[in-house]
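Starting from these lines, generate the structure:
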Amino acid sequence: MLERILTLLRRLGHSGIDAVWRLGYAGKFFFMTLISSGTSARRPHLVVREIYYTGVRSLIIIIVSGLFVGMVLALQGYETLQRYGSSSALGVLVALALVRELGPVVSALLFASRAGSAITAEIGLMKATEQLSAMEMMAVDPIARVVAPRFWSGVISLPLLTAIFNATGIFGGYLIGVVLIGVDEGSFWSQMQAGVDFKDDIMNGVIKSCVFGVAVTLIAVFEGFDSPPTAEGVSGATTRTVVTSSLVILMLDFILTSFMFRGA
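Here you go, the predicted structure:
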């Protein structure tokens, strides 16, 4: 019995040490990425190309998801507001729910599952096929050439995708609330404009999307760069990217919301 307890404690200790070591290595990796970002600034075409692969190719899932999320919000919101005679406030309900919470969070989750996993798999395969080692042999820094452009493309793309998600979600709410159900169009737009504040609502959503972009892209490039150079290692790194990114997004969302709510 004592031997099992000692074995369990030993495993827990090793797991804790590994977690702390990976966290420290991730911090060092982030610092090295920032230092090596000068190459991306001098060669903007590298970042633009990655923005196309991570951002533009994610537009379809963002637009379709945003449209249906807005439709569902309008249906559920109208059903609730109608009980209290406030169906004209449907526009502000849809807009606030999207801009404050659902837009940044859902966009980040979709971005992590689509673009984040692709970034991890691509860098992991480059490591497995020794392309990163070949770059080092040719005196080319793989962090500056491979990691930094993908990192900044994710940081730039996610806030833009969130804005598109919000816009299509509001349009979906308009289709259901005004066109299908028959809510007054003037009340829908006027109450939305009066109820959504630029500083307290829109800017808080932008801050969230920027923080999520840094976190998700950093996890994606780190897991790909740190993955074992095998097929199983790349597969595991891709899975860890999606799982870790999802948990970090929800955790950061709670932390940011608590600070923003307290500030308000």
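
what's the nearest residue to S245 once chain neighbours are set aside in contact with, if anything?
Once flanking residues are discounted, S245 sits nearest to A112: 3.7 Å by Cβ to Cβ, 6 or more residues apart in numbering. For glycine as for every other residue, the C-beta is placed from the backbone atoms N, C-alpha and C. Applying Cβ atoms under 8 Å, 6 or more residues apart in numbering, we find A112 in contact with 216, 219-220, 241-242, 245-246, 249.

Inside helices: which ones of the residues you listed?
Judged by DSSP state H, the contacts of A112 include 216, 219-220, 241-242, 245-246, 249 as members of helices.

List just the nearest of the residues you listed to F30.
Using Cβ to Cβ, the shortest approach to F30 within the ones in helices among the contacts of A112 belongs to I219, at 10.2 Å.

The closest one and V99, how far apart?
Here I219 is placed at a distance of 25 Å from V99 (Cβ to Cβ, to the nearest Å).

Then S157?
Taking Cβ to Cβ, one finds S157 at 19 Å from V99.

just to revisit the earlier point, counting neighbours, which of the contacts of A112 comes out on top?
Across these, neighbour numbers were computed from other Cβ atoms under 10 Å; A220 holds the maximum, 33 neighbours.

E101 - how many residues pack around it?
The number of residues near E101, taken as other Cβ under 10 Å, comes to 15.

got any ranges where this structure has weak pLDDT?
Counting by pLDDT under 70, the chain shows low-confidence ranges at 2, 262-264.

and the helix or strand hosting G224, what other elements does it pack with?
Using DSSP states H and E, the secondary-structure element containing G224 is helix 203-226. Packing partners of helix 203-226 (3 or more Cβ pairs under 8 Å, 6 or more residues apart in numbering; DSSP states H and E): helix 2-35, helix 103-111, helix 117-128, helix 148-174, helix 231-263.

ok so, going back, ok, of the contacts of A112, which one's closest to Y174?
Proximity of the contacts of A112 to Y174, judged by Cβ to Cβ, is greatest for I249, which lies at 27.5 Å.

quick one on the thing from earlier: let me know the closest of the ones in helices among the contacts of A112 to N204.
Of these, the one sitting nearest to N204 (Cβ to Cβ) turns out to be I249, at 15.5 Å.

Contact partners for the spatially closest residue to that closest one that is not a sequence neighbour?
Across the structure, with Cβ to Cβ, 6+ apart as the measure, the residue nearest I249 apart from its sequence neighbours is A108 (4.8 Å). For A108, the residues meeting the contact criterion (Cβ under 8 Å, 6+ apart) are 158, 162, 209, 212-213, 216, 245, 249.

tell me which of the residues you listed is nearest to L81?
For the contacts of A108, the residue nearest L81 by Cβ to Cβ is T162; the value is 25.4 Å.

ok now do that closest one, which residues does it touch?
T162 makes contact with 103-104, 107-108, 205-206, 209, according to Cβ under 8 Å, 6+ apart.

With only the CA atoms kept, save stretch 147-159 in PDB.
Only the C-alpha atoms of stretch 147-159 are listed here, as PDB (Å, rounded to 0.1, in the frame of the first residue of the first chain):
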ATOM      1  CA  VAL A 147       6.900  30.500 -36.600                       C
ATOM      2  CA  ALA A 148       6.800  34.300 -36.500                       C
ATOM      3  CA  PRO A 149       4.700  34.900 -39.700                       C
ATOM      4  CA  ARG A 150       2.200  32.300 -38.600                       C
ATOM      5  CA  PHE A 151       2.000  33.800 -35.200                       C
ATOM      6  CA  TRP A 152       1.300  37.300 -36.400                       C
ATOM      7  CA  SER A 153      -1.100  36.100 -39.000                       C
ATOM      8  CA  GLY A 154      -3.200  34.500 -36.300                       C
ATOM      9  CA  VAL A 155      -3.000  37.600 -34.100                       C
ATOM     10  CA  ILE A 156      -4.200  39.800 -37.000                       C
ATOM     11  CA  SER A 157      -6.800  37.400 -38.400                       C
ATOM     12  CA  LEU A 158      -8.800  36.500 -35.300                       C
ATOM     13  CA  PRO A 159     -10.100  40.100 -34.500                       C
END
